[in-house]
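Student: My questions are about this predicted structure, shown below with the sequence.
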Amino acid sequence: MKKIILFIIIFPLITLALLHFSSPPSSRWLLSPKTPESIISEKAPQELDSTTINNLTLLLSTTIHHGETIYEALISADISSQQTYSITQALKSIFNPRKSKPGDILKLKEYPDGRLLFEYFPNSLKYYAVEESKEGVFSAYEREIPVHKVLMGAKTSIQSSVYESMRKQKIEVDLIYRFADIFAWEIDFLTDTRKGDALKLIWEQHLSPEGKVVTQGRILAAQYINQGRIHTAIFFKDKENHSDYYTSEGKSLRRSLLRSPLNYRRISSGFSWNRLHPILRIYRPHLGIDYAAPTGTPVWTVAEGTVTFVGWNGGYGRYIKIKHAQGITTSYGHLSRYAKGIRKGVKVKQGQTIGYVGSTGLSTGPHLDFRITQNGRFVNFLQTKFPTASSVKPQYFDEFERTSQKYLGYLSVLNEYSENIYVFPTIDDSL
């Protein structure tokens, strides 16, 4: 009986010892549920055939996921926490990790002598690398991605909204926003668009040597046909390196003020010298525009200027006032809160978010009370025409005319094809 009990105790110990001495010696393998090879096969199937490129072994190739940090993405590479920390710290010297976005690509490679090379590819024409020296010091540097340009064209008609119509053509969101920004002084895409409107645009697309899209480049020309009226934008850069979007006549599309201070649902109350106040129930002037919008909707300044007041202002609740050029001031009332960094004396840029829609003060619901004065007098923002930026300089007009005709030619070509997205066969290097 004693022999049987002794055998039961000793046998498991012998088995454990055999398992220990037959296991791979790598501590990385013991600490990680996945081998480097299995990480590669899951994260980068396109590189399965060759995990050693230019004497470098690929340890990890993945993308940043929503809510994930670069540090967290590197943990799965099965390197030490100290190495992970050193890489991210070195990267901070040339790239702010807070600017990383879902879809950004990162790769980790290993030299034959064990040194590490980390590469980070944001959605831009640059990438960042962190390399380990023989002394174990990590250094960061910035490189440009070699690309070539192709000319893209797109057209579509409006069925519901500009955004939805362009997305149906698989046009990227960033490109849609840039298209809208070009015409921001001409068209209010929330209120001016109609079913049956049409648009066209041409832009540069940057491709990697392998033919993969790296970024969507500059929009070179665009048109929006709104109820039969054609709005045209031509990009032009003169020899003084001043660039802008112009009409086909060479006039700047930019105006001193944007068409609206927010994305709104409707105008709940217009400019009036005799309006019945919804709370006080008395007739008195309403020298501004009320834009109805959900609480928290971003509010932006319609022009660059200097903040002269931030705080509570009686019936206007949380309130901001900004002084602009040409004797113009604007005010923004009933805000729920102010944007970070907005305070008296701060200079703001056109289109910069300064606060958020609310219902503070004397208000029946969430909306923005927007007012504008010129030389001390209130003016009706919806009916006032403000001056444009500078036109093409006379000495560059002939060059602009040639550029304009070339781009307008590309836009007209789109009408000849049934496809809504078109890749032009060649691109002029001077574009």
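Tutor: Cool, got the structure.
Student: make it CA atoms for all contacts and neighbour counts henceforth
Tutor: OK.
Student: who touches Ile87 in this structure?
Tutor: 118, 130, 138 (Cα atoms under 8 Å, 6 or more residues apart in numbering).
Student: phi, psi of it?
Tutor: Dihedral angles of Ile87 (phi, psi; degrees, to the nearest 10) stand at phi -70, psi -50.
Student: still on that earlier bit, let's see which of the contacts of Ile87 end up in strands.
Tutor: Using DSSP state E, the members of the contacts of Ile87 that fall in strands are 118, 130, 138.
Student: Does the spatially most central residue of the chain lie in a helix or a strand, and which?
Tutor: Nearest to the mean C-alpha position of the chain, counting by Cα atoms, centre = their mean, stands Asp174 at 5.8 Å. Assigned by DSSP states H and E, Asp174 belongs to helix 173-182.
Student: partners of the helix or strand following that helix in the sheet?
Tutor: Downstream of helix 173-182, the next assigned helix or strand under DSSP H and E is strand 198-207. Strands adjacent to strand 198-207 in the sheet, as given by DSSP bridges, are strand 148-157 (antiparallel), strand 213-226 (antiparallel).
Student: any idea of the mean pLDDT in strand 198-207?
Tutor: For strand 198-207, mean pLDDT is 93.
Student: Can I get that strand in CSV? Just the C-alpha atoms.
Tutor: The C-alpha atoms that make up strand 198-207 are tabulated as CSV, following Å, rounded to 0.1, in the frame of the first residue of the first chain:
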residue,chain,number,x,y,z
ALA,A,198,-25.7,68.3,-58.8
LEU,A,199,-22.1,68.4,-58.0
LYS,A,200,-18.7,67.6,-59.6
LEU,A,201,-15.2,67.7,-58.4
ILE,A,202,-11.6,66.6,-59.3
TRP,A,203,-8.9,65.9,-56.8
GLU,A,204,-5.5,64.4,-56.4
GLN,A,205,-5.1,61.0,-54.9
HIS,A,206,-1.8,59.8,-53.5
LEU,A,207,-0.8,56.2,-54.1
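Student: quick one: it to helix 173-182, angle?
Tutor: Angle, strand 198-207 to helix 173-182, by axes from the mean of the first three to the mean of the last three Cα atoms, to 10 degrees: 130 degrees.
Student: Give me the residues contacting stretch 347-367.
Tutor: So stretch 347-367 is contacted by 257-258, 261, 278-279, 290-307, 314-318, 334-340, 342, 368 (Cα under 8 Å, 6+ apart).
Student: which of these count as buried?
Tutor: 257-258, 261, 290-295, 297-307, 316-318, 334-338, 342, 368 (16 or more other Cα atoms under 10 Å).
Student: Next step: those restricted to strands.
Tutor: 290-292, 298-300, 305-307, 318, 334-338, 368.
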